[in-house]
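# could you work out the structure for the sequence below:
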Amino acid sequence: MTTTDMRDARSEDAVGTDERLLRQIASALACLSRQRTVPNPVYPAKVQNAYNRLVLHCLRRGEEPPGSVPQMVRWASERPLSEWPLELPPDNFPGAALLVDPETRLPHQLCLEWEVSAADPAAELFENERIREALAVCRAAKAPQAYTAFRALLTSSPVLTGAELALLGGDPDCGMLLHDVIKRCYEPVPASYLRRGTYRQCARCRCLMVPLLHGGHRCELDRCRRDGTSDEGTPLRADKGGVFQLRRPLRMFITSPGLAETDLQTALEEKFGITAEMWPNYDAYDLRVPLPGRRHWAVDVKDRVNPVLLARSLTPLRNEPPYDRAFLVVPRYRFRDNDAYGRQFRRNLPEDLADRVTLLDDQAFLRLVADEISTPCDKAGDPRTEGGRCA
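Predicted structure coming up:
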């Protein structure tokens, strides 16, 4: 499922906190990162408004405010959220996490998650518009396989040369049907990614790596940075037809979790010989896992920093195609980075969903699958009923 199905309708009602201001700051930082030219006025209204409100908030609390918008950005790249003069529930302080990368000056995923939780965020609007376009075209053509191929493309090919993007127009899997949508998902790569005539692609996710001021490169995705992916990457020469990359909201909220989804699909195939169906029925959920006894488990995969925002935004999975149990699976490294991840998620999960979805890390889910297929559902060895369960 995409952010389209994860709307945070309850977040504006957080009581006794400064979450609204934090969302405005996050939206301002994200807005600044997307500017390619110097506008007039220099700062868009949402940036100036966020800064003004932060200054007023600091003065009311007797705190020294940032002296300018660049100083606000510096705060975001140097001060963990726990050191900001904001009243937030303890669950919303993910350790020493910063909103902005101090070396690349790009917003971290944590910042973008707060932006997406804001009212009318640009990132969510863009992501939703592209995904809804693809869904509408595929539904009209009665081509669910084209939507699946489209999602696989956004996961596996975050960077394309101009020639590759043009050739997709003749691709029978999804390009012929969705070429116009696909072209709007990609944008020309800014010159800031180029060093000595060469781009660098992350060896894991294939996104472009950001050149660092003092040498080397860094991937913008949390997992790649955490796993210590080589700072050299794979070289990609500038192409006469240009080089294009997915727009950042799609890289962060489609490509990144898409890698976790395909990793889980591969693990199910390699460990158990199980072929999971990806994004069934136009993305009702992420994986439909077949099990003995004609049973199926529905899995939604999320790679989110903040379990509080994740829990608040969760909605029930669509029940077509049908399933017997629903799981929310998060990569194991998120639990390692935050050992309270599960508790914080459960504390903030709406009551009506508490018994409808089970949160597990990916390794725990694979162990559960192993237990399930090794335990006979029927001592007679003939479980035939659709939706049958082990005793």
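# find the residue at the geometric middle of the protein.
F253 (2.7 Å; Cα atoms, centre = their mean).
# pLDDT weak spots in the stretch 151-300 of the chain?
Residues of the stretch 151-300 of the chain meeting the criterion pLDDT under 70: 228-231.
# okay, strands next: where are they in it?
159-161, 186-188, 198-201, 210-211, 217-218, 234-237, 243-246, 277-278, 287-291, 295-301 (DSSP state E, counting those that start in this stretch).
# out of these, the one nearest A97 is which?
Closest of the strands of the stretch 151-300 of the chain to A97 is strand 217-218, at 16.0 Å (criterion: Cβ to Cβ). Where C-beta positions appear, they are placed from N, C-alpha and C, glycine not excepted.
# which outside residues touch that closest one?
With Cβ atoms under 8 Å, 6 or more residues apart in numbering as the test, strand 217-218 has contacts from 101, 103-104, 195, 200, 209-212, 225, 231-233.
# ok, now stretch 338-353?
Applying Cβ under 8 Å, 6+ apart, the contact partners of stretch 338-353 are 10, 91, 94-95, 307-308, 310-312, 314-316, 330, 334-335, 354, 359.
# one step back: between the strands of the stretch 151-300 of the chain, which one is closest to R34.
Per Cβ to Cβ, nearest to R34 of the strands of the stretch 151-300 of the chain: strand 186-188, 10.0 Å.
# list the strands paired with that closest one, with their directions.
strand 243-246 (antiparallel) (DSSP bridges).
# please save the CA atoms from the strand it pairs with in PDB.
The C-alpha trace of strand 243-246 is given here as PDB (Å, rounded to 0.1, in the frame of the first residue of the first chain):
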ATOM      1  CA  VAL A 243      20.000  11.100 -16.900                       C
ATOM      2  CA  PHE A 244      16.700  10.900 -15.000                       C
ATOM      3  CA  GLN A 245      15.800   9.800 -11.500                       C
ATOM      4  CA  LEU A 246      12.500   9.200  -9.700                       C
END
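# chain center to that strand, what's the gap?
Offset of strand 243-246 from its chain centre (Cα atoms, centre = their mean, to the nearest Å): 18 Å.
# stretch 175-191 now?
Put simply, stretch 175-191 sits 19 Å off its chain's centre (Cα atoms, centre = their mean).
# list the contacts of it.
With contacts defined as Cβ under 8 Å, 6+ apart, stretch 175-191 is touched by 36, 130, 133-134, 137-138, 141, 143, 146, 150, 153-154, 159-160, 165, 167-170, 174, 199, 208, 242-247, 250.
# which PyMOL command selects the buried ones in these?
Selection of buried members from the contacts of stretch 175-191 for PyMOL, criterion 16 or more other Cβ atoms under 10 Å:
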select buried, resi 130+133+134+137+138+143+146+150+153+154+159+160+165+168+174+199+208+243+244+245+246+247+250
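# restricted to helices, list the contacts of stretch 175-191.
Secondary structure from DSSP state H places 130, 133-134, 137-138, 146, 150, 153-154, 165, 167, 250 of the contacts of stretch 175-191 in helices.
# report the contact partners of C207.
Listed by Cβ under 8 Å, 6+ apart, the contact set of C207 reads 158-159, 201, 219-221, 224, 245-246, 251, 255.
# again with R130
181, 184-185, 250.
# from these, which land in helices?
Short answer: the contacts of R130 in helices (DSSP H) are 181, 184-185, 250.
# just the buried ones from the residues you listed?
Buried residues within those, counting neighbours by 16+ other Cβ under 10 Å: 181, 185, 250.
# what about the first one, distance to W279?
It refers to V181. As judged by Cβ to Cβ, to the nearest Å, V181 and W279 stand 16 Å apart.
# likewise the last one?
Distance, L250 to W279, by Cβ to Cβ: 15 Å.
# same thing with the second one?
To W279, C185 is 16 Å away according to Cβ to Cβ.
# so L221 is in contact with G258, correct?
No: using Cβ atoms under 8 Å, L221 makes no contact with G258, being 11.1 Å away.
# pretty sure V329 sits in a helix.
No: checked against DSSP: H, G, I helix; E, B strand; the rest coil, V329 lies outside a helix; its state is strand.
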